[in-house]
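Q: Below are the sequence and a predicted model for it; my questions follow.
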Amino acid sequence: MDITQIITKELEVQQWQVEAAIKLIDEGNTIPFIARYRKPVTGELNDEQLRTLDERLKYLRNLEEKKQTVIDSITEQGKMTDELLKKIQAAQTIVAVDDLYRPYRPKRRTRATDAKEKGLEPLANIIMLQKTMKPIEEEALAYVDPEKGVENVEQAIAGARDIIAENIAENPEFRTAIRKMAAKHGVLVSEAKNKDESTVYDNYYEFSEGVAKIPGHRILAINRGEKEKILTVKVTAQDDVVVACLEKAIITKDSTTAECLKEAIADSYKRLIQPAVEREIRNMLTERAEESAMKVFGENLKQLLMQPPIAGQTVLGWDPAFRTGCKLAVVDKTGKVLDTVVIFPTAPQNKIEQSKETLKKLIDKYGISLISLGNGTASRESEAVIVDLLKELGKDISYVIVSEAGASVYSASKLATEEFPNFDVGQRSAASIARRLQDPLSELVKIDPKAIGVGQYQHDMNQKKLGEQLGNVVEDCVNNVGVDLNTASASLLEYISGITKTMAKNIVEYREANGRYNSRKELLKVAKVGPKAFEQCAGFLRIAGGKEPLDCTSVHPESYEVARGLISSLGYNAEDIARGGIKGISRDIIGNKDKMSKLAEQLGTDTITLGDILGELEKPARDPRDEMPKPILRNDILEMKDLKEGMVLKGTVRNVIDFGAFVDIGVHEDGLVHISQLSDKYVKHPLDVVNIGDVVEVKVMSVDLDKKRIQLTMKL
C-alpha cells in the first residue's frame, strides 16, 4: 500500500506536496509551523489540509502495523497462503484486516470448538461438500462416541452444524457483504421501556429511520437514551433476504445436504452474524455521528476563541447568584484585578438600593465603562438591576451578557488557585467573566475545551479523541493570532507551536526573575528551550518595544535578513515597522509577477515568503480577530414576555448544532433558528450559513412561555 498516493488522492493535491509535508512532520515540525513558515515547501497546504494529512498518515501507518502483526500471527500458525497474503496487503481499512484475521484469531471456547474436540469436523466437511450418497444420519452414525460426549446421531449432526455456522460467520466475504447490506438497507429502531413516562426522549419512543440516512445528532440522542435505560435500540435488516443470499452462495443445485446446511446458515446468521453486524453498524453510526459532532464542536470553538477582544476598557465582571450574592471583580485595561466585592441585589436578601450604591462607587472610583454579566443563575434579575442603574447614572456605560460555560471549572482549578491564591471561587469566576470579554482567547485557553459548552452531546463522545481534536483547534487559533511574550500566561504559551507545558512555565518564570524579554533570542536562555523549539515557536511570539523591531511582527527570525534587505531596497528602515508599518508597499509589488520574481531572486528567497513578509510589514502583528463581528453592547432589557410574533431583532449566534443555531436576542433564553429557517436556499449544514459570534437579524416565529422556547427565522 502506497500511503503517499492514497493521501494525495484523498486531499486532491500533488504527490510532491504530500511527500514534503510527511517529511516535515517526521522531522518533528508542528502543523502551525509548517502551515505558516513552510508554505514554499508544501505548495501552501493550509492548516486544515495538514491536520487531515497528519490524521490519515497516523491511521494508515497504524493499518500497516496491524497488517504486519496479522501476517506474522497467521504465518506462525502455519496457515498463511499466497491468496490470503494478497488480500491482507490489499485491505484498505482496519475493519477489513480484522475480517480476514477473524478465522485465525485465538478465541474463547465456543460451541464449534467443543464440537471440533469431539472429532466432528470431518462430518462438518462432508456436509459442506454436499456430495454424500448416504443420508446424513448414516454418515453421522460413524461419529457417535459417548466417551467423547457424542451420545447419538442428533448430537453429532448438531455439533457439525455448529462448526459450519462458525465457519460461515468467519467468512470475510460474507461478513463484508452483509455489513454493506445492513448499512444500505438496515433500519435503526428505538422504543421506550416505559411509554407512560414522559422524558426528553419522547420523539424516540416509537422511532425508526434508515441507517444510511439518520443524522448524527439523532444517533447521539438515541445512544444517550439507551445509556440512561429509557430506550431499547436495535438495527433491523432484511433478515430473510440475507439468509436467502447466504443459501444461494453456499448451497449447490445438486446438494444432498441442503436441509442440514439451511439450518446451519439460519443459525449462523441469527446467533453469530446478525448480533455482530448489528454491533458493527451501531459502532459505525456512533463513530460517524461523533466525527460530525466533533467537527461542529471544533468549528464552534474556533469561532468562540476568535471573537474580537474589547480592548482599552475597564470592565466589571459580574458572576450572578441568589443566596450567596453576586460576586463582582473590577479588571483594568491590562486584565489586572483591581477590586472584588459581593453584593446582594437578588432574592432572598433583595438589597437592591444598597447594591446600587456599591456599584456607583466602583464605577466612579475605577472609571468602569463596560459590565460583563454571566448568563447563569440569577442573570435575569441581575440584568434588571444593571439596566435600572444605567438609567439612573445616565453615563456612557454598556453591558454584555457572556457565557459562563467553563467559568466554574476554571475557578475551582489548580491554575486559578495559583493565579488568585487569595480569592474564593466566586471572585475568580467574576474575574474570568470580565477577562473573557477583554480577550476571549487568552482567558478561554485556561479552561478544558470540552467544558466550554459549544457542542452537542460532547459528554457522549470518545473523550480522548475529542480532547485531541479540540486541542488542535485551540493550538491553531492561538498560533494564528500570536501572543505577546511579555504578557502571555503559561496557559496561553503552552499552545504555541513547539512549546511544552514545562517550557511555558519556564518562560514565565524567567520573565518574572529577569524582567521583560527584549528580544526573541532571549528565549534560548530559558531552560528546555533549544534550537528546534525556538525554530518552531519564535515566529508566533511578539515583543513590542524590544531591541529588534521585527520581533513585533510574525516574520520568522530565519527571514530577518530578507526582511531587512526588502525594507532597505524600498527606502525605509526597521524603525518604520515599529511605528505602525509601511503602508501601501505591497500593492505595486505583489500584483506584478515579474517584479516579485526579480525581487525574490535579488533577496535570495521565494515569492511566497516574500509576499508574506510584504503583508506583515504593512500591518505588523495584525490581529485576525479584528475581522470578526463585535459583541452586541446593551443598555436596556428585553424580556421573553415582550416578544411578539413577527418582531425583528438583532442577536448573536451562541451555538451551532446539526439541526440549527441558537441565537441570543437578549432575553436569557436563546431562540432556535431551525436549519430549515436559516435561508431561502437549501442548507446542507448550519455551519455553511452561520458561525458562533455572528451578529444576525432574526424574526420571531413563535414563543412558548411555559416551555421557555423561542422559534426564530432568518428568512426575513
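A: Okay, I see it.
Q: Following the worst-scoring helix or strand of the chain on mean pLDDT in sequence, what is the next regular element?
A: The weakest-scoring helix or strand in the chain, judged by mean pLDDT, DSSP states H and E, is helix 587-590 (a mean of 70). Next helix or strand after helix 587-590 toward the C-terminus (DSSP states H and E): helix 593-603.
Q: Where do the strands of the stretch 601-716 of the chain begin and end?
A: Assigned by DSSP state E, counting those that start in this stretch, the stretch 601-716 of the chain shows strands spanning 648-657, 660-664, 671-674, 695-704, 709-713.
Q: Output those strands as TSV; include the columns mean pLDDT and distance to residue 176.
A: For glycine as for every other residue, the C-beta is placed from the backbone atoms N, C-alpha and C. Conversion of the strands of the stretch 601-716 of the chain to TSV gives the following (pLDDT from 0 to 100; distance: least, C-beta to C-beta, whole Å):
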stretch	mean pLDDT	distance to residue 176
strand 648-657	90	34
strand 660-664	93	37
strand 671-674	96	38
strand 695-704	93	47
strand 709-713	95	45
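Q: could these go into a markdown table alongside distance to residue 553 and mean neighbour count?
A: Below are the strands of the stretch 601-716 of the chain laid out as a markdown table (distance: least, C-beta to C-beta, whole Å; neighbours: other C-beta atoms under 10 Å):
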| stretch | distance to residue 553 | mean neighbour count |
| --- | --- | --- |
| strand 648-657 | 32 | 20 |
| strand 660-664 | 36 | 23 |
| strand 671-674 | 41 | 22 |
| strand 695-704 | 31 | 16 |
| strand 709-713 | 43 | 20 |
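Q: nearest to residue 225, of these?
A: strand 648-657 (17.2 Å; C-beta to C-beta).
Q: contacts for the closest one?
A: Applying C-beta atoms under 8 Å, 6 or more residues apart in numbering, the contact partners of strand 648-657 are 217, 296, 299-300, 403, 453-456, 629, 631-632, 638, 661-666, 670-671, 686-687, 690-700, 712, 716.
Q: just how off-centre is that strand within its chain?
A: From the chain centre to the centre of strand 648-657 is a distance of 21 Å (C-alpha atoms, centre = their mean, to the nearest Å).
Q: Okay, now the sheet partners of it, with direction.
A: Here strand 648-657 has these sheet partners by DSSP bridges: strand 660-664 (antiparallel), strand 695-704 (antiparallel).
Q: Any stretches of this structure with poor pLDDT?
A: Applying pLDDT under 70 to the chain flags residues 578-581, 583-588.
Q: most centrally placed residue in it?
A: With distances taken as C-alpha atoms, centre = their mean, the residue of the chain nearest its centroid is residue 294 (3.5 Å).
Q: In this structure that one contacts residue 467, no?
A: No - look at residue 294 against residue 467 with C-beta atoms under 8 Å: they stay out of range, at 10.2 Å.
Q: isn't there a helix covering residue 395?
A: No - using DSSP: H, G, I helix; E, B strand; the rest coil, the assignment for residue 395 is coil, not a helix.
Q: ok, residue 612 - how many residues close by?
A: Residues near residue 612, counting by other C-beta atoms under 10 Å, number 19.
Q: now it, nearest residue through space, not along the chain?
A: Residue nearest to residue 612 in three dimensions, not counting chain neighbours: residue 39, with 7.4 Å by C-beta to C-beta, 6 or more residues apart in numbering.
Q: Let me see the contact set for that neighbour.
A: 45, 608-609, 612.
Q: ok, and for stretch 436-454, which residues are buried?
A: By neighbour count on 16 or more other C-beta atoms under 10 Å, the buried set for stretch 436-454 is 436-447, 449-450, 452-454.
Q: rewinding a little: can you redo the strands paired with strand 648-657 as JSON lines with distance to residue 202?
A: Output for the strands paired with strand 648-657, formatted as JSON lines (distance: least, C-beta to C-beta, whole Å):
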{"stretch": "strand 660-664", "distance to residue 202": "19"}
{"stretch": "strand 695-704", "distance to residue 202": "15"}
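Q: Of those strands, which is nearest residue 646?
A: Evaluated with C-beta to C-beta, these place strand 695-704 nearest to residue 646, the distance being 6.5 Å.
Q: Give me the next element, helix or strand, following the longest helix along the chain.
A: The longest helix of the chain (DSSP state H) is helix 274-305. Sequence order places strand 315-319 as the next helix or strand after helix 274-305, per DSSP H and E.
Q: Any buried residues in the host helix or strand of residue 68, and which?
A: Taking DSSP H and E as the definition, residue 68 sits inside helix 47-76. Neighbour counts over helix 47-76 (16+ other C-beta under 10 Å) mark 47, 49-51, 53-54, 56-57, 60, 63, 66-67, 70-71, 74 as buried.
Q: so after that helix, what's the next helix or strand?
A: Taking DSSP H and E, what comes next after helix 47-76 is helix 82-90.
Q: could you say what helices and strands the next helix or strand after that following helix packs with?
A: Next helix or strand after helix 82-90 toward the C-terminus (DSSP H and E): helix 94-101. In terms of contacts (3 or more C-beta pairs under 8 Å, 6 or more residues apart in numbering; DSSP states H and E), helix 94-101 is packed against helix 47-76, helix 82-90, helix 172-185.
Q: Okay, helices next: where are they in the stretch 451-600 of the chain?
A: 463-481, 490-493, 501-514, 531-537, 560-569, 575-578, 587-590, 593-603 (DSSP state H, counting those that start in this stretch).
Q: quick one, what contacts the nearest residue to the residue nearest to the centre of the chain once chain neighbours are set aside?
A: Nearest residue to residue 294, sequence neighbours excluded (C-beta to C-beta, 6+ apart): residue 469, at 5.1 Å. For residue 469, the contacting residues are 294, 297-298, by C-beta under 8 Å, 6+ apart.
Q: now swap in residue 371 and tell me
A: Residues near residue 371 by C-beta under 8 Å, 6+ apart: 315-316, 318, 386, 397-400.
Q: circling back: dump the helices of the stretch 451-600 of the chain into TSV; add distance to residue 393 as well.
A: As requested, the helices of the stretch 451-600 of the chain are exported to TSV (distance: least, C-beta to C-beta, whole Å):
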stretch	distance to residue 393
helix 463-481	35
helix 490-493	35
helix 501-514	39
helix 531-537	46
helix 560-569	50
helix 575-578	40
helix 587-590	47
helix 593-603	56
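Q: To residue 548, which of those helices lies closest?
A: For residue 548, the closest of the helices of the stretch 451-600 of the chain is helix 560-569, at 7.6 Å, according to C-beta to C-beta.
Q: Next, the angle helix 593-603 makes with that closest one.
A: Compare the direction of helix 560-569 with that of helix 593-603 by axes from the mean of the first three to the mean of the last three C-alpha atoms, to 10 degrees and you get 120 degrees.
Q: Need the contact partners of helix 560-569.
A: Helix 560-569 is touched from outside by 548, 550, 555, 573-574, 576-577, 582, 599, 602-605, 609-610, 613-614, 617, with contacts defined as C-beta under 8 Å, 6+ apart.
Q: which residues are in contact with the helix or strand hosting residue 264?
A: For residue 264, the host element (DSSP H and E) is helix 258-267. With C-beta under 8 Å, 6+ apart as the test, helix 258-267 has contacts from 127-128, 130, 136, 157, 160-162, 164-165, 168, 243, 246-247, 250-251, 255.
Q: gap between the residue nearest to residue 612 and residue 429?
A: Per C-beta to C-beta, to the nearest Å, residue 39 is found 42 Å from residue 429.
Q: Ok, residue 189 next?
A: Residue 189 is 45 Å from residue 429, where distance means C-beta to C-beta.
Q: contacting residues for residue 96?
A: By C-beta under 8 Å, 6+ apart, the contact list for residue 96 reads 172, 176.
Q: for residue 51, same thing?
A: Neighbours of residue 51 in contact, by C-beta under 8 Å, 6+ apart: 31, 472, 476.
Q: quick one: contacts for the residue lying closest to the first one once chain neighbours are set aside?
A: Right, residue 31. Residue nearest to residue 31 in three dimensions, not counting chain neighbours: residue 50, with 4.8 Å by C-beta to C-beta, 6+ apart. By C-beta under 8 Å, 6+ apart, the contact set of residue 50 is 21, 31, 34-35, 42.
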